[in-house]
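Peer 1: What shape does this take:
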Amino acid sequence: MASLSRAPLFVPFIFVILFFFIPMGWLVGTSMSTHVVGSAPQFTGTLEHYARFWIDPFYLETALWTTVKLSVLSTFFALIIGYVLAYYIAELPSDRRGLITSMVVVSLCVNIVIRVFGLNVLLMNGGLVDSALGRIGMPRVRIMYTELGVLIGLVQIAVPYVVLPLIGVIAAIDPALKEAAASVGANKYRTFWAVTFPLSLPGVVAGTLIAFTLNAAAFAIPALMGGGRVKMMGMMVYDQATVQGNFPFAAAVGISLTILSVLMTAVYLFVVNRTFRTVRRPA
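Peer 2: Got it, this is the predicted structure:
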């Protein structure tokens, strides 16, 4: 009976095993298979596809560097925009806070393709932004199908994921701590960096990790706003699997992206822990 009562606890583990570990294991096996045009991949244990990706300067300078650069930059800008918005929402009265927070949540309910098409209308040649720049006499800047356009799309998609974890964390900070800082002569700027920001760090870490992992694996935004010209690793996986038909190399790029995301996340958490260890240490 005891085992039957605990059976529901194993459902999440079974789900993860069936729909994550088994597919990832199959993907690893595919990445270590030989590729022959017109034939199914044959597992041989080869690492040639990994070597091809990690050694060839073409892939390092295009897919790898572009993915890292855009993922880090978009996460950084999303953090700045999201923190300001979250701080503003957290400082509102509880009734107004709930309304604006629900608006942030609603933005996540809109399909990502629809949101990207909305950006296309704004940023395309002859669009609202382009026309506005021309009317005020400023030089027009090509945004669509460039890294700048993809960066804007990644930031727009990532901001809600940064805002939501931060709202609760900032709102939970005891106002007495800010009052205590002000009582000893700290201005608002010093109070923010000495009290608010360190205590909001869990929300910062959670939001930036979500934003980074989503943006590193992005496909729809590079495809629609980059027009296939901005070669992030997600686009390369799609191109290799569907256009080139090279499933082993596509799998190797996908596994490499997973490993890269895990390593960068581990380094990020290590730096955060080392930097703010004294803040979290109990008195």
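
Peer 1: Give the closest residue to Val162 in space, chain neighbours not counted.
Peer 2: Here the nearest residue to Val162 in space, its sequence neighbours aside, is Gly82; by CB to CB, 6 or more residues apart in numbering that works out to 3.1 Å. Where C-beta positions appear, they are placed from N, C-alpha and C, glycine not excepted.

Peer 1: what about the one you found, is that helix, strand or coil?
Peer 2: Under DSSP: H, G, I helix; E, B strand; the rest coil, Gly82 falls in the helix class.

Peer 1: Could you report the distance from it to Leu122?
Peer 2: Counting by CB to CB, to the nearest Å, the separation of Gly82 from Leu122 is 20 Å.

Peer 1: so what's the residue nearest to Val162 up against?
Peer 2: 158-163, 166, 207 (CB atoms under 8 Å, 6 or more residues apart in numbering).

Peer 1: Give me the number of neighbouring residues for Ala180.
Peer 2: Neighbour count for Ala180, taken as other CB atoms under 10 Å: 13.

Peer 1: Give the helix, strand or coil label for it.
Peer 2: Quick answer, by three-state DSSP: Ala180 is helix.

Peer 1: could you show me where the strands are in the stretch 1-150 of the chain, in order?
Peer 2: Assigned by DSSP state E, counting those that start in this stretch, the strands in the stretch 1-150 of the chain fall at 33-34, 42-43.

Peer 1: no no, the stretch 151-283 of the chain
Peer 2: Using DSSP E, counting those that start in this stretch, strands in the stretch 151-283 of the chain do not occur.

Peer 1: before we move on, the earlier item: would you mind telling me which of the strands of the stretch 1-150 of the chain is nearest Ala252?
Peer 2: strand 33-34 (9.6 Å; CB to CB).

Peer 1: could you point out the longest helix in the chain?
Peer 2: When the chain is parsed with DSSP state H, its longest helix is helix 247-275.

Peer 1: Buried residues of that helix, list them for me.
Peer 2: Neighbour counts over helix 247-275 (16 or more other CB atoms under 10 Å) mark 247-258, 260-261, 264, 268, 272 as buried.

Peer 1: Just the CA trace of stretch 92-102, in PDB.
Peer 2: The C-alpha coordinates for stretch 92-102 follow below in PDB (Å, rounded to 0.1, in the frame of the first residue of the first chain):
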ATOM      1  CA  LEU A  92       3.000  50.200  -6.900                       C
ATOM      2  CA  PRO A  93       0.100  49.500  -4.500                       C
ATOM      3  CA  SER A  94      -1.000  45.900  -4.400                       C
ATOM      4  CA  ASP A  95      -4.200  46.500  -6.400                       C
ATOM      5  CA  ARG A  96      -2.400  48.300  -9.300                       C
ATOM      6  CA  ARG A  97       0.500  45.900  -9.100                       C
ATOM      7  CA  GLY A  98      -1.700  42.900  -9.900                       C
ATOM      8  CA  LEU A  99      -3.200  44.600 -13.000                       C
ATOM      9  CA  ILE A 100       0.100  45.500 -14.600                       C
ATOM     10  CA  THR A 101       1.600  42.100 -13.700                       C
ATOM     11  CA  SER A 102      -1.300  40.400 -15.400                       C
END
